Each structure stands twice: as C-alpha cells, then as structure tokens.
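Engineer: what's the 3D shape of this:
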Amino acid sequence: MSTQKALYVPSKHAPFQLGEAPIYTPGPKEILVKIISSALNPVDWKIPAYGIFVENFPAILGSDLAGVVEEVGSEVSKFTKGDRVLFQGWFGDNKYAGFQQYTLVEAELAAKLPDNISFDQAASVPSALTVVILTNFNHNPTAPTANFTAPWEEGGKTKYAGKPAFIVGGSSSVGQYAIQVAKYSGYSPIITTASLHNEVLLKSLGATAVVDRKLPASAIISEVQKLAGNKPIEYVFDTVSIADTQSLAYDVLAPGGTLLILLNDEIPAEKKNAADNKRIVHGFGSARVSQNREVGVQLFSRLTEWLETGVIVPNQVEVLPNGLAGIPDGLERLKQDKVSGKKLVAHPQETP
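Structural biologist: Below you'll find the model as predicted:
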C-alpha cells in the first residue's frame, strides 16, 4: 500500500507528531486530492490543548484545503484528474482530514478554483465561509441557524437592504467572510471591530466603518450606535465569541434582533430579558453533517463563480516553512494571538 506523510495528534492532550498514513482510495462519489495548501484554524490547537471534539486517536486534523484532483470515484462527473479544487476537510475521520499530503472529499462538497485564485488563497476560504453561510442561511429546522433568506434566493438581495449590521472581530478569518456576506445580503452600514491597522483591508471587503477593538465596551457601543445613525441594529455576528465580546454584542443588539455566535453562550443571565426577544444562534460550521449538507452543496456549487467575480475575496495568507512540520509552530502563534488579518498556510508536499 502506498503511504504519505501526515501530522498526527497521537492521543488526547498529546503534542503533534509526524508519521505516515495510507493513500486512500475514493469511494464512488468521492475524489482523492493531492493537498497543495492546508490552512490553520484556532480549533486545530484547541483540540489537543483542551481534549475536545475528537475521541478517536491517533487523529489527523486540518479542515481548510486546496489541491489537485488525483483520482475520481466511479460516479463522479463534476471533476477530472488534474482539476484544481478547494474544499472543507473533516477531522472526525482521518481519511477526510487536511494535515496530510492526500485526502478524500465528497465531490458535491468541493469547488473548482478559478484561474484568478491561488491554492494558498483558496485554502483560506472553506471553513470560515461555510460557518458564515450555514449560520445565516440554513433552512433545516434541526440545524443551528438564523434561517435568513440567502442572497441567491428570491428577495434575498433586497430583504435586508439598508439595515445596519455589526460584526465583532472583522479581521478574523470568519469576520472577513461575515463582512462580505453581509455586503452580499445588502446590509448597510456594515460596522465592525478590529485593530485599526486592518481598517483599509476591511473596508475593501465591504465594511463601512471600523471601530478600534481596544476601546472600552461602553465607547464601542456608543460609536456603533452613532455610525448606525441610531437605527436599531438587529443583526450582530460575534466572530470572536469569548465572554467579553458576547456581552458587547448582546448590548449592541436591538430588541427583536439576532445575535450569531460560534462558541458556547457566555452572556450573563442578568443581561437577558425575555421581553427583549433577542435571539441567539450558536453556529456550527461543517457542511458534511446531514443537517447542513443541502446548503453546503449550494455553497460549493456557487463558490467558483463567487471567487471568479469577486463576490468572495480570500484572506491574505502567510506560508509556513517546512510543510506539515511547520504547523505546530504556526498553531502556537495562533494560540498566543500573534496573527492578525491573515491566514497561516502550510504546504504538505514540502514536508522534509
């Protein structure tokens, strides 16, 4: 059996370790992809540090991927060998994960790369954009979703036009896509918090105004309300979702509005008043699970065009040295909050 290099978490709480994995055979509806670029996410350091999400070891992580189709399953007609693709990996099953040189993906959950997008840029897109799309637009009643009308659906580009949006953490990877999706949906103005050195970037993506995230919460709330022209802010997306940012986001949210968060609800109980009718949606970002699959397939069927036309602009990236071997140091930088406004990317094929 042919083998490849892979980066493992050997056991719960254990440090990463390089090893070997088999090169997988695609099922009828799957494609085998030679991974060129694999992007890093905060969850990739949190899994070994906190012992969360993964119970089967040794485990391969990594969920933001771009590469070249190596082999297609017998029922796949959408792709052929040599196609450039991007897709979301899955760290619940090693053969679908990203911190290795080859992986599998179901063809309906992958998209072709347009010529204007590099592998590195493409690897910044899948997971962050997927969680934004799923949390906003999934219509499955069993899914954690705001159930908003999507911009590709009838009325979706006008329904929210002229309504203010507030996005906490605009320079994060999810934050950058949240800004772009809010723009695509017609929200205006789009106000975000970030370090001010990222202001030009975020305005280029669609933000109307950037508020310094280092200001006291009371000053941020006052500034956001002023920038919104004192209109009620009924759409808030906290892409950071720690206790302090959730509290800030909840305070900005108008009665009857919706707050999207990505981690467990840590809003103090004393802030919550049932009469305010503030809805909190805790998003979950895998297109692979059954409750999310329909909208995930819709997303990946449209993604090539969005990237080609600039509806979606990838994150800025920094490439790590030494392929898979460089990932642990990159994850440590994420853990220490030493990355701002860009995505760290590894090249698995360059592993020593």
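Engineer: can we go C-alpha only for contacts and neighbour counts from here?
Structural biologist: Noted.
Engineer: Quick check: buried residues in the lowest-mean-pLDDT helix or strand in the chain?
Structural biologist: Using mean pLDDT, DSSP states H and E, the weakest-scoring helix or strand in the chain turns out to be helix 42-50, at a mean of 93. By neighbour count on 16 or more other CA atoms under 10 Å, the buried set for helix 42-50 is Val43, Asp44, Trp45, Ile47, Pro48.
Engineer: And for stretch 151-161?
Structural biologist: Pro151, Gly156, Lys157, Lys159, Tyr160, Ala161.
Engineer: what's the span of it from first residue to last?
Structural biologist: Terminal residues of stretch 151-161 are spaced 11 Å apart (CA to CA, to the nearest Å).
Engineer: do stretch 35-49 as well
Structural biologist: Stretch 35-49 end-to-end distance (CA to CA) = 25 Å.
Engineer: From Ala346, how far off is the closest residue to Gly257 other than its chain neighbours?
Structural biologist: Among residues not flanking Gly257 along the chain, Glu234 sits closest, at 3.9 Å (CA to CA, 6 or more residues apart in numbering). Glu234 sits 38 Å away from Ala346, going by CA to CA.
Engineer: so what does the least confident helix or strand of the chain touch, helix or strand wise?
Structural biologist: helix 327-335 (3 or more CA pairs under 8 Å, 6 or more residues apart in numbering; DSSP states H and E).
Engineer: re earlier: Glu234 and Ala346: which is more packed in?
Structural biologist: More crowded of Glu234 and Ala346, by other CA atoms under 10 Å: Ala346, with 28 against 19.
Engineer: Ile35 is in contact with that one, correct?
Structural biologist: No - look at Ala346 against Ile35 with CA atoms under 8 Å: they stay out of range, at 9.8 Å.
Engineer: Could you chop the protein up by domain?
Structural biologist: Segmentation of the chain into domains, based on automatic domain parsing, reads 3-125+314-350, 128-282.
Engineer: Leu260 belongs to a strand, doesn't it?
Structural biologist: Yes - assignment of Leu260 by DSSP: H, G, I helix; E, B strand; the rest coil places it within a strand.
Engineer: my read: it touches Thr245, true?
Structural biologist: No - using CA under 8 Å, Leu260 is not in contact with Thr245, being 11.7 Å away.
Engineer: joint contacts of those two?
Structural biologist: Asp238 (CA atoms under 8 Å, 6 or more residues apart in numbering).
Engineer: Among those two, which residue is more densely surrounded?
Structural biologist: Between Leu260 and Thr245, counted using other CA under 10 Å, the more crowded position is Leu260 (26 against 20).
Engineer: got a list of what the more buried one touches?
Structural biologist: Counted by CA under 8 Å, 6+ apart, Leu260 has contacts Thr135, Ala146, Val236, Phe237, Asp238, Thr239, Ile280, Val281, His282, Gly283.
Engineer: Make JSON lines out of those residues and add pLDDT.
Structural biologist: Compiled in JSON lines, the contacts of Leu260 are given as follows (pLDDT from 0 to 100):
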{"residue": "Thr135", "pLDDT": "97"}
{"residue": "Ala146", "pLDDT": "97"}
{"residue": "Val236", "pLDDT": "98"}
{"residue": "Phe237", "pLDDT": "98"}
{"residue": "Asp238", "pLDDT": "98"}
{"residue": "Thr239", "pLDDT": "97"}
{"residue": "Ile280", "pLDDT": "97"}
{"residue": "Val281", "pLDDT": "97"}
{"residue": "His282", "pLDDT": "95"}
{"residue": "Gly283", "pLDDT": "93"}
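Engineer: farthest-separated two in those residues?
Structural biologist: Farthest pair in the contacts of Leu260 (CA to CA) is Ala146 and Thr239. Separation: 14.7 Å.
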